[in-house]
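Peer 1: Just a sequence and a predicted model for now, questions to come.
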Amino acid sequence: MNNELKFRPDGTFKIVQLTDLHIGDEHAKERGDDDRTVQLIEQILTAEQPDLVVLTGDLHGSHGVTDPLLSCRKAIGPVVRSGIPWAAVFGNHDAEEAVTREQLLAVQQEYAGCLTMAGLSGIHGVGNYTLPVKRSDGSDDGCMLYFIDSGSYAPERIGGYEWIHHDQIQWYMEQSRQYTKHNGTPLSALAFFHIPFPEYEFAWTGEQVTGIKGEDVECPKINSGLFSAMVELGDVMGTFVGHDHDNDYCGTWHGIRMCYGRATGYNTYGNLKRGARVISLHEGKRSFDTWIRQDDGEVV
C-alpha cells in the first residue's frame, strides 16, 4: 500500500479525527458498546471517505482490562479494514495499567496503513512525530502534521494531568524551523494530541467560536509553553484534542484555531451524540474547514 499523503487533484485533503473510543472492558462487551463504536467508525469512514484517519488517544482502556493488546486491535480494526492510512497519539488511559506505550505502538505497526511512529528517542513520550502532506503534483510538502504525546498524569505532589514537556516543545521548534527554512516561509501545519493545553480555556472566549462547552477544560496545572511556541513560529493554524467528552468546540485565539474532536466511543461518559470531527485542508491556503459527523448521520 502507498501510504504517502498528498493533496487531491482538486487541492483538498480530508482528515477524520476519532477520539476517546474507550474500547475494551468487560461491561462494554456485555452491553454491546464496543460493537456500536466499531459500527459507528465504519459508518463515518464510508460517508466521509477521508485521506487520513487520526486517532487522538484513549483508543481503549487498560485499567482492569484482561487483555489491553486485544482491545487495541479491536479499536484500530475498523480503520485498518477501511484501507485508509492512519496515525495515532496516546491518551492518558491507553497505557494506564498492564501495558506500555511501546507495546501498543508495536501492535499498531503490525498493520497496513499505520503511520504512527515512536519519534525521537531521549525525549518525553512515545509518538512525537511529523507527517508531511505533499502538494497535489507531489513536488514538495504542502502541509505538515504534528503528533505529540501529551502524557498521562502529573506527579502526585502537583496532581492532575501531565503536561507536554520542554524537550518535546524544543523538538517541535526544531522541526518547525527546518520546514520553514526549506519552504522559505512557515509551512501551514496542524497539531494533534490528547490532553488540551491551558489555552483551550481562552479559545472558548476567543474568535469564531463554534460548538459546545459542556464541562471544564481538563488541562494540566502546568503551562509549559507549547502554545506560545506555536504562536511565535507561525506554522500551526489548528490544534485538535480529545479527552473532555462533553466539549466539542472550536475557537481561535492569537491566530490558532483550537478544536476538540467529538467523542466516538459509547463506553464512556458524555452527553453529546457520538461522532467524529472532519477536517478539510486546502492546498496553498492557510485555512481549513471542519465539521462533526454524528451517529445519526447529521453533519454539524
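Peer 2: Sure, I can see it.

Peer 1: ok, M258 touching G238?
Peer 2: Yes. Counting by Cβ atoms under 8 Å, M258 does reach G238; the two are 7.5 Å apart. For every residue, glycine as well, the C-beta is placed using N, CA and C.

Peer 1: Among the two, which residue is more densely surrounded?
Peer 2: The neighbour comparison of M258 against G238 (other Cβ atoms under 10 Å) goes to M258, with 25 against 21.

Peer 1: hmm, who's touching the helix or strand hosting the more buried one?
Peer 2: If you go by DSSP states H and E, M258 is part of strand 256-260. With contact meaning Cβ atoms under 8 Å, 6 or more residues apart in numbering, strand 256-260 is reached by 196, 199-200, 203, 206, 208, 211, 227, 230-231, 236-242, 244, 247-252, 277, 288, 290.

Peer 1: what do you get for stretch 213-220?
Peer 2: With Cβ under 8 Å, 6+ apart as the test, stretch 213-220 has contacts from 154, 160-163, 195-198, 200-201, 204, 243-247, 249, 271-272.

Peer 1: Show the end-to-end separation of it, please.
Peer 2: 18 Å (Cα to Cα, to the nearest Å).

Peer 1: and that stretch, how far from the chain's centre?
Peer 2: 17 Å (Cα atoms, centre = their mean, to the nearest Å).

Peer 1: And for V79, the neighbour number?
Peer 2: Other residues lying near V79 total 26 when counted by other Cβ under 10 Å.

Peer 1: can I assume it is in contact with W86?
Peer 2: Yes. Judged on Cβ under 8 Å, V79 makes contact with W86 at a distance of 4.8 Å.

Peer 1: joint contacts of those two?
Peer 2: In contact with both V79 and W86: 53, 55, 113, using Cβ under 8 Å, 6+ apart.

Peer 1: Strands - which of those residues land there?
Peer 2: Among the shared contacts of V79 and W86, the ones falling in strands (DSSP state E) are 53, 55.

Peer 1: Please indicate which of the shared contacts of V79 and W86 are buried?
Peer 2: Buried by 16 or more other Cβ atoms under 10 Å: 53, 55, 113, out of the shared contacts of V79 and W86.

Peer 1: Can you tell me which of those is closest to V65?
Peer 2: Set against V65, the nearest of the buried ones among the shared contacts of V79 and W86 by Cβ to Cβ is L55 (17.6 Å).

Peer 1: Please name the nearest non-neighbouring residue to the closest one.
Peer 2: A88 (4.1 Å; Cβ to Cβ, 6 or more residues apart in numbering).

Peer 1: And P9, by the same measure?
Peer 2: S136 (5.6 Å).

Peer 1: Hmm, that neighbour is touching T12, no?
Peer 2: No. Using Cβ under 8 Å, S136 is not in contact with T12, being 9.0 Å away.

Peer 1: Quick check: which ranges of this structure have low pLDDT?
Peer 2: Applying pLDDT under 70 to the chain flags residues 1-2, 25-30.

Peer 1: at 80 what do you get?
Peer 2: 1-3, 25-31, 61-64 (pLDDT under 80).

Peer 1: Distance from the top helix by length along it to the middle of the chain?
Peer 2: Longest helix of the chain, by residue count under DSSP state H: helix 166-183. Chain-centre distance of helix 166-183: 19 Å, with Cα atoms, centre = their mean.

Peer 1: which other helices and strands contact it?
Peer 2: Applying 3 or more Cβ pairs under 8 Å, 6 or more residues apart in numbering; DSSP states H and E, one finds that helix 166-183 makes contact with strand 141-147, helix 226-233.

Peer 1: go again using 6 Å as the cut-off
Peer 2: Helices and strands touching helix 166-183, by 3 or more Cβ pairs under 6 Å, 6 or more residues apart in numbering; DSSP states H and E, are helix 226-233.

Peer 1: in the helix it packs on, what counts as buried?
Peer 2: For helix 226-233, using 16+ other Cβ under 10 Å, the buried residues are 226-227, 229-230, 233.

Peer 1: re the thing from before, include distance to Y172 when you put the shared contacts of V79 and W86 into CSV, please.
Peer 2: As requested, those are exported to CSV (distance: Cβ to Cβ, whole Å):
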residue, distance to Y172
V53, 22
L55, 20
G113, 25
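
Peer 1: Relative to E97, which of the shared contacts of V79 and W86 is nearest.
Peer 2: L55 (19.9 Å).
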